[in-house]
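Colleague: Sharing a model prediction with you, sequence too.
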Amino acid sequence: MKFSALLLSLTSLLATAAQADPLLLSSKGNTLSLSIYNQNIALVKDSRTTNLANGINDIIFDGVAQKIQPETALIYGDGIKVSEQNYNYNLMSYENFIKQSVGQEVNTIRQNPTTGENIYERATILGYADGQLILRFPYGIDTKFPGRIVFNQIPAGSSNKPTLEARINAVNGGNKTLNLAYLTDGINWKTDYVVHVNSPTNLDLTGWVTINNESGVDYENAKIQLIAGDVNVVRDFVRPRMMLMAAKGMNDSIANSIESVEPETLSSYELYTLPTTTSIKDHQTKQIALLEKKDVKYKREFNLTSPFYFNIHSSSDEFEKLHPAITYVLNNKAEDNLGISLPAGTIRFYEKDKSGNLQFIGSNRINNTAKEDTLRLNLGQAFNITASGKITANQRKELNQTMLPNKCFRVKFQRSYDVEITVNNAENSNNTVILSQNFPQDYKIIKENFKSVEKNHSERQWDISAAKNSKETLKYTVEIIYTENRCD
């Protein structure tokens, strides 16, 4: 019986020893997907298949991102329970080799200052701090060693890439798919749009996604999903090397990518799924086609805000040769051959000259733009269209006075302004300048030769149409009520 008990104990020890070496899960052949947010973070979802033994298994995921947020890591799968996770990021470097070898003997090489010959010696590393190496030689302790260190082997715990280790209890052994999900910093995306103006009414719009990977790892054959919108992120600046977890698994919806060829709404954000897998190397910037829309309808406007200011002490009475802004207006609607959610980015416009050469005509930034929204993009100032204005008359009329304490009184009066603004259209086409004017709240347009539209309680707008190579003059009269306090 004693012999049997001893044999059983040895068998148990041998089984435990057999499990001592962790099972390395290679990144080759894995299923990988990235959900990238435009806030320099990404959700990495990495699935790898391996053969697990019944009971406790120590596994290693190699090739995780250097900028992983370890506290966000989750390992899950059918019939497993994770009890411990360790993120190891002692990458192979001189400093890490030194720190991992404190207390060990190493070979040293230094040059004889007279002959230039190499001198080989053995020394023990005592410490390393503030970039200073402390070595013990047979002749004493050296704190300013001028030579090189030669290591006999790679120090334990060092790796050429970060790894995530875990202890897993498998209910049933066999071939299992283990899923790893984590957030990482250092990967971002943005959108760039290219517009080819084809005619005075139609253009072609192409969207490109630019992905920049500085996360410290390559992503091979990854399915890419892009999240547009500002997601609230809580940052934990303390990153523990080890996390003890009582993880029972993870909802499958987190692991499964959402298949879509069109942008879709995900919890009030917009999600774009790229149609094919792609590889993104570390320190690489990659561009991928996102969308292409042909014959999108647009309208070109010339907008100018009048510099006249009609306040109680107004001194502005004329301006000369102001150039209106060139504004391209796109309605994000299906009937205008658009009608798709557009993530924020830079949009650049190009147009061919008479010789057929493509020319850059301006750029602007757009915010996240939903369907049915309108884009108004200012691309610069019109060269051949100008506007000049003057106040031709300014008359004051007293209305009433109200006595106030301390020998003061409130005066209410009216000013009447006659205004002329001339648009000079020197282009060889008919054009309309949309003129905006801000007024004090208590105003009234008395007469005008172009019909105005009230944009809000203090802004008026006129459309001044001028034929090619001609001038057109807006004339209007406005009455404004002012109030001021006076004291003797």
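Modeller: Nice, I can see it.

Colleague: Parallel or antiparallel, which strands does the strand or helix carrying Leu474 pair with?
Modeller: Here Leu474 sits within strand 470-487, counting by DSSP states H and E. If you go by DSSP bridges, strand 470-487 pairs up with strand 408-425 (antiparallel), strand 443-448 (antiparallel).

Colleague: most packed of these?
Modeller: The highest average neighbour count among the strands paired with strand 470-487, using mean count of other Cβ atoms under 10 Å, belongs to strand 408-425 at a mean of 17. (Each C-beta comes from the backbone N, C-alpha and C, glycine too.)

Colleague: could you give me the average pLDDT of that strand?
Modeller: For strand 408-425, mean pLDDT is 93.

Colleague: Now the element after that strand, going C-ward?
Modeller: On the C-terminal side of strand 408-425, the nearest following helix or strand under DSSP H and E is strand 431-438.

Colleague: Break the protein down into its structural domains.
Modeller: Annotated domains of the chain cover 94-150, 386-487 [automatic domain parsing].

Colleague: mean pLDDT for those domains: which is lowest?
Modeller: With a mean of 85, domain 94-150 has the lowest mean pLDDT of the domains of the chain.

Colleague: Out of the strands paired with strand 470-487, the one nearest Phe137 is which?
Modeller: strand 408-425 (88.5 Å; Cβ to Cβ).

Colleague: Centre of the chain to the closest one, how far?
Modeller: Taking Cα atoms, centre = their mean, to the nearest Å, one finds strand 408-425 lying 47 Å from the centre of the chain it belongs to.

Colleague: ditto for stretch 165-178
Modeller: On Cα atoms, centre = their mean, the centre of stretch 165-178 falls 37 Å from that of its chain.

Colleague: show me where pLDDT drops low in the stretch 201-350 of the chain?
Modeller: 229-269, 314-315 (pLDDT under 70).

Colleague: which residues of it fall in strands?
Modeller: Along the stretch 201-350 of the chain, the segments classed as strands by DSSP state E, counting those that start in this stretch run 202-213, 219-228, 242-247, 264-266, 269-273, 278-280, 284-297, 299-305, 318-322, 325-331, 345-352.

Colleague: Which of those has the highest mean neighbour count?
Modeller: Of these, strand 219-228 is the most buried (mean count of other Cβ under 10 Å), at a mean of 21.

Colleague: What pairs with that strand, parallel or antiparallel?
Modeller: Each strand paired with strand 219-228, and its direction, by DSSP bridges: strand 31-37 (parallel), strand 269-273 (antiparallel), strand 278-280 (antiparallel).

Colleague: now it and strand 202-213, what's the angle there?
Modeller: Orientation check (axes from the mean of the first three to the mean of the last three Cα atoms, to 10 degrees): strand 219-228 against strand 202-213 gives 120 degrees.

Colleague: Can you check what angle separates strand 219-228 from strand 284-297?
Modeller: Using the same axes, to 10 degrees: strand 219-228 against strand 284-297 is 50 degrees.

Colleague: Including distance to Lys81, could the strands paired with strand 470-487 go into CSV?
Modeller: Converted to CSV, the strands paired with strand 470-487 look like this (distance: least, Cβ to Cβ, whole Å):
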stretch, distance to Lys81
strand 408-425, 76
strand 443-448, 74
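
Colleague: need the contact list for Leu404.
Modeller: Neighbouring residues of Leu404 by Cβ atoms under 8 Å, 6 or more residues apart in numbering: Arg410, Asn485.

Colleague: Check which helices and strands the helix or strand containing Ile98 sits against.
Modeller: If you go by DSSP H and E, Ile98 is part of helix 94-100. Other helices and strands packing on helix 94-100, by 3 or more Cβ pairs under 8 Å, 6 or more residues apart in numbering; DSSP states H and E, are strand 118-129.

Colleague: helices or strands next to the very next helix or strand once past the strand it packs on in the packing?
Modeller: Per DSSP H and E, strand 118-129 leads on to strand 132-137 as the next helix or strand towards the C-terminus. Other elements packing on strand 132-137 under the criterion 3+ Cβ pairs under 8 Å, 6+ apart are strand 118-129, strand 140-142.

Colleague: okay, the ones you listed in CSV with distance to Gln153 next?
Modeller: Output for the helices and strands packed on strand 132-137, formatted as CSV (distance: least, Cβ to Cβ, whole Å):
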stretch, distance to Gln153
strand 118-129, 14
strand 140-142, 23
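
Colleague: As CSV, the domains of the chain with distance to Pro307 would be great.
Modeller: Below are the domains of the chain laid out as CSV (distance: least, Cβ to Cβ, whole Å):
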stretch, distance to Pro307
domain 94-150, 61
domain 386-487, 8
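
Colleague: Could you single out the most deeply buried of these?
Modeller: With a mean of 15, the top stretch among the domains of the chain by mean neighbour count (mean count of other Cβ under 10 Å) is domain 386-487.

Colleague: For Thr369, what are phi and psi?
Modeller: Backbone torsions of Thr369, given as degrees, to the nearest 10, read phi -120, psi 120.

Colleague: Does it touch Ile347 like I think?
Modeller: No. Using Cβ atoms under 8 Å, Thr369 is not in contact with Ile347; the gap is 10.2 Å.

Colleague: Export the strands of the stretch 201-350 of the chain to CSV and append columns for distance to Asn169.
Modeller: Formatted as CSV, the strands of the stretch 201-350 of the chain follow (distance: least, Cβ to Cβ, whole Å):
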stretch, distance to Asn169
strand 202-213, 35
strand 219-228, 30
strand 242-247, 11
strand 264-266, 34
strand 269-273, 35
strand 278-280, 34
strand 284-297, 39
strand 299-305, 65
strand 318-322, 76
strand 325-331, 57
strand 345-352, 47
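
Colleague: The strand holding Leu474 versus strand 431-438: what angle between them?
Modeller: 0 degrees.

Colleague: end to end, how far does stretch 88-108 reach?
Modeller: 28 Å (Cα to Cα, to the nearest Å).

Colleague: What of stretch 299-310?
Modeller: Note: stretch 299-310 ends 32 Å apart using Cα to Cα.

Colleague: Could you do stretch 48-67 as well?
Modeller: 21 Å.

Colleague: so where does the nearest residue to Gly345 once chain neighbours are set aside fall, helix or strand?
Modeller: Leaving out its chain neighbours, the residue that sits closest to Gly345 by Cβ to Cβ, 6 or more residues apart in numbering is Thr191, at 3.1 Å. If you go by DSSP H and E, Thr191 is part of strand 187-197.
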